[in-house]
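J.: Any chance you can model this:
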Amino acid sequence: MWITGGRAKGTRLKTLPSRSVRPTTSIVRQAIFSLLENSNNNWSRVLDLYAGSGALGIEALSRRAEWVDFVDRRKSCCDIIRTNLKKIGGLHQAHIYCCSVNKAVTFLSNNYDIVFLDPPYSDSSTNDSLTSIAKSNLIGKNSTIVICHANRFPLNSNYAGLHLVKQRRYGDTFVFIYQKEACP
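T.: Coordinates of the predicted model:
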């Protein structure tokens with residue numbers, strides 16, 4: 001797996017050798033970042049939930065993010081994220097939380113400009129995670145949430161002020177982009 005754009009373009013990322021992690025493919029990552037770059041989003045703070053190898057957050061750092069928080073419950077994934085951050089010289093621009101997404105939502109208090117969710121396709125709790133995130137302090141008035149998801153568990157178009165603004169399909173991966181409802 002390679003970084004597809006930005007200052008670290010072409011850097012090979014380490015992944016777990018097992019089938020326990022489904023890395024987001026290069027084609028899907030390129031499509032996601034194309035969608036994000038064509039919008040007027042601020043990229044200062046990024047949150048990568050269910051981070052796995054950290055590919056989405058590291059891609060954001062390579063392109064223009066200033067800071068990324070990574071969350072994954074598996075120590076093996078946290079170690080791989082650290083290794084991948086070292087490869088691009090990004091350890092000083094990130095923090096890795098080795099805990100569940102549900103736990104991280106309870107203690108993280110930053111507003112993030114972009115939140116990536118890339119849960120396992122077999123995870124049926126994506127709707128619950130989105131509801132928790134929508135009601136949390138993680139989301140500000142201009143936040144964008146990007147979800148890589150299988151269509152096995154359909155998502156709603158609205159979650160407590162988050163509204164679906166784009167949806168794309170790339171093979172068996174669906175990309176949903178939500179934005180916070182603008183306050184009047």
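
J.: now the helices for the protein?
T.: Applying DSSP state H to the chain gives helices spanning 26-37, 55-63, 75-88, 101-107, 126-134.

J.: mind listing what's buried in the first one?
T.: So that's helix 26-37. 28-29, 31-33, 35-36 (16 or more other Cβ atoms under 10 Å). C-beta coordinates here come from the backbone N, C-alpha and C atoms, glycine included.

J.: that older thread, could I get the helices of the chain as a markdown table with distance to residue 171 and mean pLDDT?
T.: Below are the helices of the chain laid out as a markdown table (distance: least, Cβ to Cβ, whole Å; pLDDT from 0 to 100):
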| stretch | distance to residue 171 | mean pLDDT |
| --- | --- | --- |
| helix 26-37 | 8 | 86 |
| helix 55-63 | 17 | 94 |
| helix 75-88 | 23 | 96 |
| helix 101-107 | 24 | 94 |
| helix 126-134 | 18 | 88 |
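
J.: Enumerate the beta-bridge partners assigned to the residue sitting nearest the centre point of the chain.
T.: Using Cα atoms, centre = their mean, the residue of the chain that lies closest to the mean C-alpha position is residue 116, 1.9 Å off. Applying DSSP bridges to residue 116 gives these bridge partners: residue 48, residue 146.

J.: wait, isn't it in contact with residue 54?
T.: No - at 10.1 Å, residue 116 and residue 54 do not qualify as touching, with contact defined as Cβ atoms under 8 Å.

J.: Which residues are in contact with each of the two?
T.: Common neighbours of residue 116 and residue 54 (criterion: Cβ atoms under 8 Å, 6 or more residues apart in numbering): residue 48.
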